[in-house]
Structures are given as C-alpha cells and as structure tokens.
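Enquirer: Test case, fold it:
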Amino acid sequence: MESLSKRRLIVASGRAHRELAQNIADQLGVNLAEPNLREFANGEIHCRYDESIRGADVFIVQTHCSPVNDTVMEQLIMIDAAKRASAKRITAVCPNFGYARQDRKSQGREPITAKLVADMLQVAGADRVLSVDFHSGQIQGFFDVPVDHLVAAPVLEDYLKANTDPHELVVVAPDAGRVKVAERYSQHLGSQLALVHKTRPRGTANVSEARHIVGDVDGRHCVLIDDMIDTAGTIVAACDLLKASGAADIWVMTTHAIFSDPAIERLTNAPVSRVVVTDTLPLPPERRFPKLEILSVAPIIATAISAIFEDSSVSEIFGGENLL
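Expert: Numbering: from 1, shown residues only. I've put the predicted structure just below:
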C-alpha cells in the first residue's frame, strides 16, 4: 500500500483580535478554522475545532491584549485542543507577547513572567512560536522550541519613506534600551539619530523621568520609535523634552499600541502631530483619536507563516535584521 500525504496549513484564531487573524488568512488564501470558543457558567473556556486537524500544520493566532490573563489562557487551551486532536505541528502566533516587560529580576522577590508565559506555551503543546517585536531580545532564549521573531520595521520605514523626506528626519530613541533599534532605522533611512536619557524611580512601575536629549534636534522633524506604548507617560515626557529642545515637528511610532488609561488623553494633548501604530493589538473606534494612524502587520505575519509552512527561511524576509 502506498500512501501519499498532503500537507495542510490551518490558521485558527482566538477572540482577542479576530480582524488581524482574518487579514492574515486572507493574505494566505485560506479560511480561518473555527475553534468554537465559549465559556461555561463559571467562566472556564471551552474549545472544539469544527474540522479534523489531524496531521495538519496549525497556526493559532492570539495577541495577548487586555484582559491579558484571559487571552493567554484562551490560546493555551486552543493549543492543548490542537495537540489532543493530533495536529502534526502547532505554532503559537502571538503578535504581542504578553508579560514581556518582566523579563528579568530588577529587585529581589520578583517573578520573571516572560519566562513563565514561554514555559506555559511549550507545556500546552506549542512546537514553535512566532511573535512581533519582543520587548527584549533575551525573551527568545526563554524557549526550548524554535522562535521566529518578526519586526515591524519594514512597515514603519515604508510609511516614513512615503510621507517624509527621510534625510530631514531625526530618529529618536526614547531610552537607552532602544538605541540599537533606532540606529537601525536611521541607517536604513539615511537619517540622523538622537537619544532621550531617562531615569525610572526605584520601585515604581509606569513612571519615568526624561532628563535630557543626546543629539541635535533643534528645528528638526523628530520621530520617536518604541516597541510599545502603555500609559504613554514615557513617550509624552520625551515629546515634551524634544519640544523644549526646539524640535519643529514630532511624530510617535510604535508597534504595540496598548493604550492603557490615560494614554489616549496624554497623546491627544501631547506636542505631537502624528501617532503611527501597527495592528498587533485591537483598537476599537472608541480608543482612536484624530492623530492616530494604524498600519497592518498582517502581510509580514502571513509571509512568515508561509515560510514556516514551506520550511524556508524567515530571517531572509528581513535580510537577517530581525534580531534585537
């Protein structure tokens, strides 16, 4: 008896950001699999796939947005259901990787939650993980399975090239930790580079103080680029300092628009003319404001999924520059 197996690519989505998952599926030319997610009376999540996924290459898309605990748990349950349904390979697609900011112990008696989430994904049954713009490069080392780290830089850079004269820009790193990324942007665009020196009071969260600017921003068009904006305290403090230092125009760009309160109020009142984000996180109409522009990372994620399915290189999509 001769058996000819046919490889199947299946994309399934949690409920966190179905619009992004649908866009990814459209790019790949496949239909989203239906996981039939629902809750029991006490809030426990149930999942059962409509179709057989035995022997399939399954990509489970779930961005870790608010409520983060629920969206992470929902993805774990979907992974476990796929594993028990005999999927050949399961890839956890996490456009925004939750709990990433706690990636080390800065004080005693603290958790390392990024490692905890990595462990849970693997124990649930993920054979591979795909994410966009980790908060820090070391998170890749928390996994014992292959990790495909994507970057939103091509999307943001194309936007800047289409809407500005890159040679007139100053790319500004909001803190020392983002200098390497900002330098990469400035090299690709042929722009100047500057840095905001900030401090964070010991023992605080979501609190930082912008001290001074390293670099020439007087009379220049400045673009602040960060991986995420949560309450916007850090980025708005940097904007105020840039304005005080003579910046002519200020844009803010970020991959993950978390926008916890009071971020929208702060950004609306900040001395910025444009806030450009990607759609790794859902932004309902009531969370949008006139300065906001949203770019899609669906084409990048779909291209990476296609490369994984075909066992070809993901890093080649970014010219080998998808590492932090």
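
Enquirer: which residue ranges form the helices in the stretch 101-250 of the chain?
Expert: Ranges of helices within the stretch 101-250 of the chain are 113-124, 153-163, 179-189, 233-244, based on DSSP state H, counting those that start in this stretch.

Enquirer: So which of those is the most surrounded?
Expert: Among the helices of the stretch 101-250 of the chain, helix 233-244 has the highest mean neighbour count (mean count of other Cβ atoms under 10 Å), at a mean of 21. All C-beta spots, glycine's among them, are computed from the backbone N, C-alpha and C.

Enquirer: next one: it to chain centre, how far?
Expert: On the basis of Cα atoms, centre = their mean, to the nearest Å, helix 233-244 is displaced by 23 Å from the centre of the chain it belongs to.

Enquirer: and that helix, average pLDDT?
Expert: The predicted model gives helix 233-244 an average pLDDT of 93.

Enquirer: How about the backbone phi and psi for residue 271?
Expert: With angles defined as degrees, to the nearest 10, residue 271 shows backbone torsions of phi -80, psi 60.

Enquirer: Tell me who's in contact with it.
Expert: By Cβ atoms under 8 Å, 6 or more residues apart in numbering, residue 271 lies in contact with 239-240, 242-243, 250.

Enquirer: Farthest pair within those residues?
Expert: 240 and 250 (9.6 Å; Cβ to Cβ).

Enquirer: Distance check, residue 211 against residue 222.
Expert: In this structure, residue 211 and residue 222 are separated by 17 Å, where distance is defined by Cβ to Cβ, to the nearest Å.

Enquirer: more neighbours, the two?
Expert: Counted by other Cβ atoms under 10 Å, residue 211 and residue 222 do not tie: residue 222 has more neighbours, with 27 against 12.

Enquirer: The more buried one is in contact with residue 242, isn't it?
Expert: Yes. Counting by Cβ atoms under 8 Å, residue 222 does reach residue 242; the two are 5.3 Å apart.

Enquirer: Now the common contact residues for those two.
Expert: Overlap of the contact sets of residue 222 and residue 242 (by Cβ under 8 Å, 6+ apart) consists of 172, 250.

Enquirer: Out of the helices of the stretch 101-250 of the chain, which is closest to residue 285?
Expert: helix 153-163 (21.7 Å).

Enquirer: chain center to the closest one: distance?
Expert: Between the mean C-alpha point of helix 153-163 and the mean C-alpha point of its chain there is a distance of 17 Å (Cα atoms, centre = their mean).
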